[in-house]
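Participant: Below is the sequence, then the predicted model.
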Amino acid sequence: MADITAHLISRAWRRVDIKMNISGDMHLLRWRRRWFIDEVLFDDRRVATSAGLFGREALFGMEVKAPSGEAMRLLLSIDPESDWTDWTGSGRPRGVRLETADNALVAIGSLGPDRTEPFKKLFDRAIEAVGLS
């Protein structure tokens with residue numbers, strides 16, 4: 001089994017860059033949104049696409065090769081809608097998640113592990129206010 005780690009480098013308008021370390025070698029995973037196609041590039045090689053005008057895929061399954069020759073399957077999830085809480089006007093995607101079969105390597109924004117926290121906090125406050133706790 002290859003040792004794999006990942007770090008989000010940039011999340012900007014119509015693009016996401018993730019640096020990956022697979023068994024000591026650095027690789028770059030990129031997501032790009034173009035006019036009629038979304039593409040995922042692994043070391044500048046296209047590994048997944050989604051075409052269309054509306055309703056493009058937001059889940060990309062791919063198989064990449066480790067330097068040892070071992071094939072790994074990755075799942076990249078993108079929430080491409082602009083983050084409405086971001087008032088800078090950057091238009092960056094709301095969420096990014098990259099995972100293997102074992103665990104999530106990158107999880108941020110609307111696809112992060114704490115995505116249900118605001119609702120849970122509100123629910124807990126309402127239960128406490130009503131006196132049901």
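Facilitator: On my side now, so go ahead.
Participant: alpha carbons only for contacts and neighbour counts from here, please
Facilitator: Will do.
Participant: which residues of this protein score low on pLDDT?
Facilitator: Residue ranges of the chain with pLDDT under 70: 1, 67, 82-90, 114-123, 132-133.
Participant: Mind jotting down where the strands sit in it?
Facilitator: For the chain, strands defined by DSSP state E occupy the ranges 4-12, 15-22, 25-33, 37-42, 45-51, 59-65, 71-82, 93-99, 104-109.
Participant: I'd like the ones you listed as JSON lines, with distance to residue 127 and mean neighbour count appended.
Facilitator: Shown next, in JSON lines, are these (distance: least, Cα to Cα, whole Å; neighbours: other Cα atoms under 10 Å):
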{"stretch": "strand 4-12", "distance to residue 127": "37", "mean neighbour count": "16"}
{"stretch": "strand 15-22", "distance to residue 127": "39", "mean neighbour count": "19"}
{"stretch": "strand 25-33", "distance to residue 127": "42", "mean neighbour count": "17"}
{"stretch": "strand 37-42", "distance to residue 127": "43", "mean neighbour count": "18"}
{"stretch": "strand 45-51", "distance to residue 127": "44", "mean neighbour count": "15"}
{"stretch": "strand 59-65", "distance to residue 127": "36", "mean neighbour count": "15"}
{"stretch": "strand 71-82", "distance to residue 127": "31", "mean neighbour count": "17"}
{"stretch": "strand 93-99", "distance to residue 127": "29", "mean neighbour count": "21"}
{"stretch": "strand 104-109", "distance to residue 127": "27", "mean neighbour count": "17"}
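Participant: among those, which is nearest residue 126?
Facilitator: With respect to residue 126, and counting by Cα to Cα, the nearest of those is strand 104-109 at 24.9 Å.
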